[in-house]
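Participant: Here is a sequence with its predicted model. Questions after.
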Amino acid sequence: MYKATGHLFYRPFINDRNKKTDASVTFLLFIRFNLMHPKRLNMKLIAVLLASALCISANAQLAVNPVRKISAARNTEKIIIDGDLKESVWKTAPVATDFVEWRPTYGHVEDEKNKTEIRILYDNTGIYIGGYAHEASKDSISRELVGRDVVGVNDFVGVIFDTYQDKINGFGYYVTSLGEQFDAKYSSNGEDDSWNSVFNSAAKIVEDGWTFEMHIPYSAIRFSNSKIQDWGINITRRRSKSGKQLMWNPVDPAVGGSFLAQFGTWTGIQDIKPPVRLSISPYLSAYVNNYPYNTPGTKNTNTAFNGGVDIKYGITQAFTLDMTLVPDFGQVQSDNKILNLTPFEVRYNENRSFFTEGTELFGKGNLFYSRRIGGQPLHYSNIESELKPGESIAKNPTETSLINASKISGRTASGLGIGFFNAITSAQYATIELNGKESRKIETSPLTNYNILVLDQSLKNNSSISLINTNVTRAGTDYDANVTAALWDLYTKGSKWNFYGKMAVSQLIGYKPAGGNKDGYSHSIVLAKSSGRFQFEFTQAFADNQYNHNDMGYFTNNNYLNNTLWASYRWLKPGKWYNRINLNFNLGTSTMVKPWNHQYVWANTNGNVQLKNLWSLGASINLNLEEKDFYEPRVAGRVFIRPGSWALGGWLETNRAKQYYVWGQLYLRTSNQYGTNGQDIRLGNQFRFNKKLSISVEAYMEKRNNNLGYATMYNADSIVFGRRNRITTENTLTVKYNFNNKMGISLRGRHYWSKVQYQEYYELLNDGKLKALQGGITENVNYNVNYFNIDMVYTWQYAKGSFINLVWKNAISTFDEDVESGYFKNLGNTLGAAQQNSLSLRVIYFLDYLSFKKRG
């Protein structure tokens with residue numbers, strides 16, 4: 001099931017693509033036959049698929065809840081946002097009440113002692129929302145100071161607007177019982193909780209609940225300039241201690257598709273005009289960095305001063321320009337680095353705010369991996385081969401420098417979303433030394449331009465079609481890259497069935513290994529049932545052996561035909577001992593396309609349940625049949641016959657709203673040969689001392705005995721595999737203290753240790769089997785790797801949209817071939833190694849055009 005990143009909703013109503021279509025047995029057989037033979041897939045077939053889906057969309061229906069309405073009323077007096085609701089105008093404002101429970105017991109209307117009353121007004125400046133969340137006593141309120149854009153265990157109320165009533169895109173504004181804010185943007189991609197807006201809010205605890213006020217300026221939301229408008233609206237309330245979440249307009253969890261399709265309506269909004277939306281956020285930052293180089297001519301401590309600006313400008317009422325000039329990302333959270341023994345790149349999270357905020361359009365088709373921008377230089381790994389006799393590498397930067405980045409995005413009143421993204425990185429060079437002196441520089445990455453264009457048209461029935469193009473253009477003789485994809489996401493009326501997919505073509509222009517251009521094709525096509533207690537999904541994914549979107553996206557491999565089946569059954573109505581139960585079954589198979597060759601078959605069944613005491617638990621069983629692995633050998637055309645394996649395990653977490661919260665998981669794994677087995681153990685706990693202070697500790701251990709994998713090359717042409725024991729531990733400590741709802745300090749410490757010891761070596765034979773290598777190898781390929789990081793952050797929101805951040809970062813990394821046996825001795829050695837320390841101060845000030853205009 002889909003789990004929202006921001007914890008605002010743990011919702012089945014934006015499914016993990018748990019949606020799809022049904023027409024007739026004949027139609028499904030026709031689709032199945034053609035999809036199993038990609039060479040038959042042509043534009044006629046695509047036209048038939050789209051026409052069939054549209055016919056299904058026109059005929060199939062599902063009963064939905066009636067739409068509630070609330071009339072728009074103008075504010076007639078000054079409202080001070082203090083959470084008190086003391087202004088007389090609130091008494092005459094239209095009220096939204098009689099909220100309906102969404103979970104755990106869908107359909108129950110709230111009782112009088114826990115009643116929710118939300119009043120809405122508007123004027124020429126923005127929208128006013130006042131609310132009274134009743135409780136039996138204030139002790140029933142769950143409250144925790146966690147900082148902006150963090151939910152924690154807080155009770156909250158949120159208002160979500162679908163300003164264009166396309167039932168796909170929305171803006172959400174939330175406030176907790178302690179007055180902390182968070183916001184989110186909604187689209188067909190789900191919930192984007194990294195999106196930020198600037199609005200005012202305040203809350204107040206009272207004897208029988210809590211009250212709040214919000215003012216959302218029109219500059220914080222997008223809408224049309226029609227004289228009279230109706231907006232989609234829903235209001236949600238979470239009561240954490242009871243485990244309940246309620247909605248003003250009922251949202252049936254059995255109905256698939258976007259939850260915005262089950263919104264009410266805010267009617268009769270008149271004579272509002274989108275204001276000039278212009279804000280500038282200049283910043284200044286200062287750094288003190290220390291690393292013990294202890295070499296002549298190189299300072300151990302250095303300082304740096306930076307300045308830049310972020311700009312947001314409303315080009316029209318629908319489209320916004322976001323730009324960052326001379327950006328500084330030195331304060332972002334450290335990556336969770338790991339030892340990677342796989343043939344594929346590790347995908348790290350994006351922590352740079354510019355690349356996470358408001359990027360829902362650019363994420364369509366999964367073609368954009370923002371870490372490519374400012375990432376590792378194109379020729380970083382090729383410098384060794386370009387050295388001349390006597391030369392050595394003095395400096396080879398691992399990142400390129402971002403000069404600027406900008407994005408334009410928005411949606412017209414007719415539902416056409418348009419997104420344009422552009423970023424430029426400067427050329428990067430490696431410094432080469434000869435006899436200890438700098439001799440020359442080698443370009444590792446040219447001046448590069450990254451570009452994305454997206455067109456996304458909303459259709460009726462919560463449907464959409466999209467076109468996306470990504471382009472990377474490099475100066476000089478290096479190749480350029482271009483990818484274009486068409487996407488469709490079609491629902492039947494009532495969102496009971498769904499047919500969606502993607503067709504993409506890639507082109508590497510001037511790609512020297514291919515002697516010119518390299519063109520590829522890929523598609524994914526999905527048919528499924530997305531509503532009701534029983535759901536299923538059939539997916540086919542295909543990529544030929546030339547397809548590649550790696551230059552701007554995350555990409556592992558091509559040349560495959562994958563077919564998967566997912567089926568699920570859900571108990572949504574609480575029983576005597578449970579609130580809800582989910583059972584899932586997955587089955588998948590993969591085939592190499594050229595040459596045609598079977599790769600693997602896998603199956604999984606899993607289930608999870610939430611108990612009456614709000615504890616959750618689950619279990620899973622996985623089965624992998626014998627696999628032909630064409631990637632582990634690291635040489636094209638070679639294969640490794642990987643033995644079949646199975647795994648089983650489960651997880652448990654207690655009630656998150658309690659003062660003490662515990663979670664854990666245990667998985668056992670075994671293989672059919674070589675005595676391969678393993679265990680995964682995770683245990684974490686969090687203690688909230690009070691509403692200001694909390695501490696959490698999580699420990700993870702992954703153990704692999706007699707694991708088989710690539711080790712090295714032998715005699716330049718023989719591939720050596722090894723049977724190895726690997727133990728990985730990861731311990732994380734998080735401490736949070738918030739002084740108030742505008743100021744807080746947090747500390748996050750992480751130690752990752754992975755050690756690998758080879759027990760026996762094998763030669764990989766041409767048939768994919770292994771033969772013991774007599775005498776072993778002379779090279780030491782054991783690993784003892786440590787990553788230790790501390791991120792300590794003090795944040796103060798000293799004015800609306802303005803922040804002061806003081807950050808201390810500590811980083812240690814060690815990479816040895818001598819394996820240490822004891823954890824604490826290894827940790828001591830790690831802490832005694834060279835450390836990178838950075839102390840930085842960053843000041844951001846939010847300047848809004850409307851505020852300046854108001855001041856004259």
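Facilitator: Perfect, I can see it now.
Participant: mind listing what Asp322 touches?
Facilitator: Contacts for Asp322 (Cβ atoms under 8 Å, 6 or more residues apart in numbering) come out as 310-312, 354, 357-358, 406-409. Just so you know, the C-beta spots here come from the backbone N, C-alpha and C atoms, and that holds for glycine as well.
Participant: So which of these sits lowest on pLDDT?
Facilitator: Lowest in pLDDT among the contacts of Asp322 is Gly358, which has 78.
Participant: Secondary structure element for the closest residue to that one other than its chain neighbours, which one?
Facilitator: Spatial nearest neighbour of Gly358, chain neighbours left out: Trp195 (5.1 Å); criterion: Cβ to Cβ, 6 or more residues apart in numbering. Here Trp195, judged by DSSP states H and E, is contained in no helix and no strand.
Participant: which residues touch Trp195?
Facilitator: Taking Cβ under 8 Å, 6+ apart, we find Trp195 in contact with 183-185, 357-358, 360.
Participant: counting contacts, what elements does the helix or strand hosting Arg748 pack onto?
Facilitator: Using DSSP H and E, Arg748 sits within strand 743-764. Packing partners of strand 743-764 (3 or more Cβ pairs under 8 Å, 6 or more residues apart in numbering; DSSP states H and E): strand 693-714, strand 718-740, strand 770-772, strand 783-799, helix 823-831.
Participant: ok so, going back, closest to Trp210 among the contacts of Trp195?
Facilitator: Distance to Trp210 across the contacts of Trp195 (Cβ to Cβ) is lowest for Asp183, with 19.3 Å.
Participant: Hmm, the closest one is touching Ser197, no?
Facilitator: Yes: Asp183 lies in contact with Ser197 (Cβ atoms under 8 Å); the separation is 5.1 Å.
Participant: Compare the two (neighbour count), which wins?
Facilitator: Asp183 (24 against 20; other Cβ atoms under 10 Å).
Participant: Okay, and the beta partners of the more buried one?
Facilitator: Residues in a beta bridge with Asp183, per DSSP bridges, are Tyr173.
Participant: got a list of what it touches?
Facilitator: Contacts for Asp183 (Cβ under 8 Å, 6+ apart) come out as 149, 171-174, 193, 195-197, 199.
Participant: how near is it to Leu625?
Facilitator: 47 Å (Cβ to Cβ, to the nearest Å).
Participant: same thing with Gly152?
Facilitator: Relative to Leu625, and taking Cβ to Cβ, Gly152 is found at 43 Å.
Participant: what does Lys167 give?
Facilitator: In this view, Lys167 and Leu625 are 42 Å apart by Cβ to Cβ.
Participant: Between the two, point out the one with more neighbours.
Facilitator: Set side by side, Lys167 and Leu625 show more neighbours around Lys167, with 24 against 16, by other Cβ under 10 Å.
Participant: Was I right to think the more buried one contacts Val255?
Facilitator: No: counting by Cβ under 8 Å, Lys167 stays clear of Val255, with 11.9 Å between them.
Participant: anything in contact with each of those two?
Facilitator: Common neighbours of Lys167 and Val255 (Cβ under 8 Å, 6+ apart) are Ala261.
Participant: where does the stretch 651-800 of the chain dip in pLDDT?
Facilitator: Regions of the stretch 651-800 of the chain meeting the criterion pLDDT under 70 are absent.
Participant: who touches Trp102 in this structure?
Facilitator: Listed by Cβ under 8 Å, 6+ apart, the contact set of Trp102 reads 236, 245-247, 250-251, 253.
Participant: Narrow the residues you listed to those in helices?
Facilitator: Judged by DSSP state H, the subset of those located in helices is empty.
Participant: What ranges does the stretch 451-600 of the chain have for its strands?
Facilitator: Assigned by DSSP state E, counting those that start in this stretch, the stretch 451-600 of the chain shows strands spanning 463-474, 480-491, 497-511, 516-529, 534-543, 560-571, 578-592, 597-611.
Participant: closest to Glu760 out of the helices and strands packed on strand 743-764?
Facilitator: Checking those against Glu760 by Cβ to Cβ gives strand 718-740 as the closest, at 4.5 Å.
Participant: Paired strands for the closest one, with orientation please.
Facilitator: According to DSSP bridges, strand 718-740 forms sheet pairs with strand 693-714 (antiparallel), strand 743-764 (antiparallel).
Participant: In a markdown table: these, plus distance to Thr163.
Facilitator: Shown next, in a markdown table, are the strands paired with strand 718-740 (distance: least, Cβ to Cβ, whole Å):
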| stretch | distance to Thr163 |
| --- | --- |
| strand 693-714 | 36 |
| strand 743-764 | 32 |
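Participant: Can I get those in JSON lines including mean neighbour count and distance to Phe421?
Facilitator: Below are the strands paired with strand 718-740 laid out as JSON lines (neighbours: other Cβ atoms under 10 Å; distance: least, Cβ to Cβ, whole Å):
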{"stretch": "strand 693-714", "mean neighbour count": "18", "distance to Phe421": "35"}
{"stretch": "strand 743-764", "mean neighbour count": "19", "distance to Phe421": "30"}
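Participant: Of all the ones you listed, which one is nearest Phe852?
Facilitator: Distance to Phe852, taken as Cβ to Cβ, is lowest for strand 743-764 among those, at 26.1 Å.
Participant: hmm, back to that, quick check, nearest of the contacts of Trp195 to Gln836?
Facilitator: Using Cβ to Cβ, the contacts of Trp195 come closest to Gln836 at Glu357, 28.0 Å.
Participant: sec struct for Leu260, please.
Facilitator: helix (DSSP: H, G, I helix; E, B strand; the rest coil).
Participant: ok, it - contacts?
Facilitator: The neighbourhood of Leu260, defined by Cβ under 8 Å, 6+ apart, consists of 160, 162, 167-170, 186, 232, 234, 462.
Participant: In strands, which of the contacts of Asp322 appear?
Facilitator: Counting by DSSP state E, the part of the contacts of Asp322 found in strands is 310-312, 406-409.
Participant: that older thread, can you redo the contacts of Asp183 as CSV, where the extra columns are pLDDT?
Facilitator: Shown next, in CSV, are the contacts of Asp183 (pLDDT from 0 to 100):
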residue, pLDDT
Asp149, 88
Phe171, 95
Gly172, 96
Tyr173, 97
Tyr174, 97
Asp193, 86
Trp195, 87
Asn196, 87
Ser197, 90
Phe199, 94
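Participant: Out of those, which end up buried?
Facilitator: Listed as buried from these are 149, 171-174, 193, 195-197, 199; burial here means 16 or more other Cβ atoms under 10 Å.
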